[in-house]
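In: Just to be clear, the model below is a prediction. Sequence and coordinates:
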Amino acid sequence: MKSQLWGLYVREVLRVFRNPFVVLVTLVQPFMWLAFFGSSFNNLAAASGKFGSGSYFAFLLPGTLSTSMLSVGMFGSMSAIQDKRFGFMKRILITPTSKQTIFLSKALGAATRGLIQVPVMIVAALVFGVSFPLSPIEWVGWIAALFLLAFGFSSLFLAVTAPATDWQTPGVVANFITMPLMFASAALFPSSSFPPWMQAISNVNPITFSAELGRSFLLGTTVDWWNLGYLAAFASLMLVVGYSISARWLKVE
Amino acid sequence: MTTPAIVVNDLSKRYGNSHGVLALDHVNLSIAGGTVFGLMGPNGAGKTTLIKVLTGISDITSGTASVAGFDVQKQSLQVRARIGWVAAEVILEDDFTTWENLWLQARLQDIKGWEERAEQLLQYFGLLDRKDDKVSHYSTGMRKKLEIALALLHQPTVIFMDEPTIGLDVATRRMLWDIVTGIHKEFGVTVLLTTHYIEEADALCDRIAIIDRGRIVAEGTPSELKARVKSDVVSLETSEALDPSVLSKIPGVQEVRAQGNDWLIQVVASEEFLPRLFATVRTDQIRRISVEKPSLETVFLQLTGHRIAEEEPMHDIRKFYAQMRRARS
């Protein structure tokens, strides 16, 4: 399994770098979030006084990074659909490679691709005047939180994609999940101003846990390390779900 | 007697529930090791399904099958470590170089020390000097060659080739025929290929199984199969409806099949039949006539009652144009 996992994982990651357009979009997209969304809200946020610090960019960065992990997970499952459509899934499975290995390589590959965005975003945030007063342990904690979030969502989306035989349903389902998860979280706005029903979703939404952990590092508020534990539990649960579904129901085409 | 590389016993495959399509219907086969075996039949006959079952991609509804001595269902991993697969459409990692594609295949097959073998294969297929090129820059022929090299990398016992020459131009098809014969001799693998091209089965295969609607209707060497058919087939298109008995009464006629004004007449000797036909039917009643000597095509026709190419859209297009021409004249 180790040999196949490494081969397929390298394939997932290398494919990103082999396509200049994908590299460009991966790099530019998070920057655009800060540039457009951040700039448009910066003054309003400062005036409202609800965003902790004066800069909305510092508030937004951990949130945008977290939502990026959500969309990265979606792209991971798209890669599975592509493999089915172009027959690559068949090529893989007519070798001694298990379906679970395919699942793991895709989930890990997508999570890794997500992390590639982190340094780019940090550079972009520096441009917008955000400072990073993090200790090494906090850096590790932040990256780990983002990795767990990306891995969890990739596993979730792959669990939806694995049994699908058509290529439209998983995309529609992914879009359907993405929107509410993004807005019913503390990624873009503080959840204290949400109506109660949205707060209830936000309070269990992993994106909130990742965004708030990152925010506490960045804004110097009290760090709640339990957020990392919650994300680890989320990633583990999704790992079990995705692994079991892929093992039993991964369709070849 | 060579040990069989593939044994299929009373194998059936039904898609979906009990009302689903029966793609394979009690198939029995024994394919000797070191041979090139052809599964010949029209589109939808069950050829690809049989390959899917034998490679472990599809499960079995009933019956058993073994490849290289291992049960395809119970010992799928052992089977998959001993087989190679060449798809109808070329499937490569286009963003990777030739060498990286080989590296990935070696990883998937979990083999060590593959580099020397990979170089030998690239040398054999004339791709060694292109090993660092991205495969997206390759021609169709080169892509096919690389795909076959990937299938051979782990020294498999059996190679499955699903419609290996479909959609290829004549020159590339010829090249591929040489490759199939070549790798069979050079690397000693058993080749199971599917095709709906008669001439391909005839040129490449030591033995052929004719498959139609999920059933094996005949099996043998190409010459054995052709020897089964002693008669010629006359295809006739008439301008008006004819009474079949008019034709079947002509001496030497063995069988008459009609589909509208299209007739398939099986005769002992076409040379003797044609003058008798012209004496019976007015020439203005005949729109088109053609004669086929015994071939794998006529074997298939006699065994199944229809042509291999019948389901091909090209055939319909030709018919459509023929009708257009007639309408204009």
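Out: Arrived safely.

In: where does A:Ala159 land on pLDDT?
Out: Looking at A:Ala159, its pLDDT reads 92.

In: same deal with the one 5 residues further on?
Out: If you check A:Ala164, the pLDDT there is 85.

In: can you confirm it is in a helix?
Out: No. A:Ala164: not assigned to a helix; according to DSSP: H, G, I helix; E, B strand; the rest coil it is coil.

In: so what's it up against?
Out: If a contact means Cβ atoms under 8 Å, 6 or more residues apart in numbering or on different chains, then A:Ala164 has A:Ile81, A:Pro170, A:Lys251 as its contacts. C-beta: built from backbone N, CA, C; applies to glycine.

In: so the second one sits in a strand?
Out: No. Counting by three-state DSSP, A:Pro170 falls outside a strand, being helix.

In: Quick check, it in contact with A:Leu158.
Out: No. A:Pro170 is beyond contact range of A:Leu158, at 9.1 Å (criterion: Cβ atoms under 8 Å).

In: Assign the residue of chain A found nearest chain B to helix, strand or coil.
Out: The nearest approach of chain A to chain B comes at A:Gly7, 2.7 Å away (Cβ to the nearest Cβ). At A:Gly7 the chain is in helix, as set by three-state DSSP.

In: From A:Ile81, how far out is it?
Out: Counting by Cβ to Cβ, to the nearest Å, the separation of A:Gly7 from A:Ile81 is 20 Å.

In: what do you get for B:Val86?
Out: Remark: distance between B:Val86 and A:Ile81 (Cβ to Cβ) = 24 Å.

In: got the CA positions of stretch B:270-289 in CSV?
Out: Taking Å, rounded to 0.1, in the frame of the first residue of the first chain, the C-alpha atoms of stretch B:270-289 are listed here in CSV:
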residue,chain,number,x,y,z
SER,B,270,-21.8,-18.6,-56.1
GLU,B,271,-20.3,-19.2,-59.6
GLU,B,272,-23.2,-21.6,-60.3
PHE,B,273,-25.8,-19.7,-58.4
LEU,B,274,-25.5,-16.3,-60.2
PRO,B,275,-26.4,-17.5,-63.7
ARG,B,276,-29.4,-19.3,-62.2
LEU,B,277,-30.4,-16.2,-60.3
PHE,B,278,-30.3,-14.0,-63.4
ALA,B,279,-32.5,-16.6,-65.2
THR,B,280,-35.1,-16.5,-62.4
VAL,B,281,-35.2,-12.8,-61.4
ARG,B,282,-35.4,-9.9,-63.9
THR,B,283,-32.2,-7.8,-63.9
ASP,B,284,-34.2,-4.6,-63.3
GLN,B,285,-35.4,-6.1,-60.1
ILE,B,286,-31.8,-6.3,-58.8
ARG,B,287,-30.4,-3.1,-57.5
ARG,B,288,-27.1,-4.4,-56.0
ILE,B,289,-25.5,-7.7,-55.7
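
In: Report the contact partners of the most centrally placed residue in chain B.
Out: Nearest to the mean C-alpha position of chain B, counting by Cα atoms, centre = their mean, stands B:Thr195 at 1.4 Å. Taking Cβ under 8 Å, 6+ apart as the criterion, B:Thr195 is in contact with B:Gly38, B:Leu39, B:Met40, B:Glu163, B:Pro164, B:Thr165, B:Ala201.

In: Next, count neighbours for the residue in the stretch 201-329 of chain B positioned nearest to chain A.
Out: In the stretch 201-329 of chain B, the residue that lies nearest chain A is B:Gly214 (19.7 Å; Cβ to the nearest Cβ). Neighbourhood size, B:Gly214 [other Cβ atoms under 10 Å in any protein chain shown]: 23.

In: Ramachandran angles for it?
Out: Phi and psi for B:Gly214, reported as degrees, to the nearest 10, are phi 80, psi 0.

In: residues in contact with the residue lying closest to the residue of chain A closest to chain B once chain neighbours are set aside?
Out: Residue nearest to A:Gly7 in three dimensions, not counting chain neighbours: B:Arg107, with 2.7 Å by Cβ to Cβ, 6 or more residues apart in numbering or on different chains. By Cβ under 8 Å, 6+ apart, the contact list for B:Arg107 reads A:Ser3, A:Gln4, A:Trp6, A:Gly7, A:Leu8, A:Val10.

In: related to what we said a few turns ago, pick the one among the contacts of B:Thr195 closest to chain A.
Out: Chain A has its nearest neighbour among the contacts of B:Thr195 in B:Glu163, at 12.7 Å by Cβ to the nearest Cβ.

In: these two touch, right, the closest one and B:Thr194?
Out: Yes. Under the criterion of Cβ under 8 Å, B:Glu163 makes contact with B:Thr194 at 5.7 Å.

In: wouldn't A:Thr95 be in contact with A:Gly7 here?
Out: No. A:Thr95 is beyond contact range of A:Gly7, at 9.6 Å (criterion: Cβ under 8 Å).
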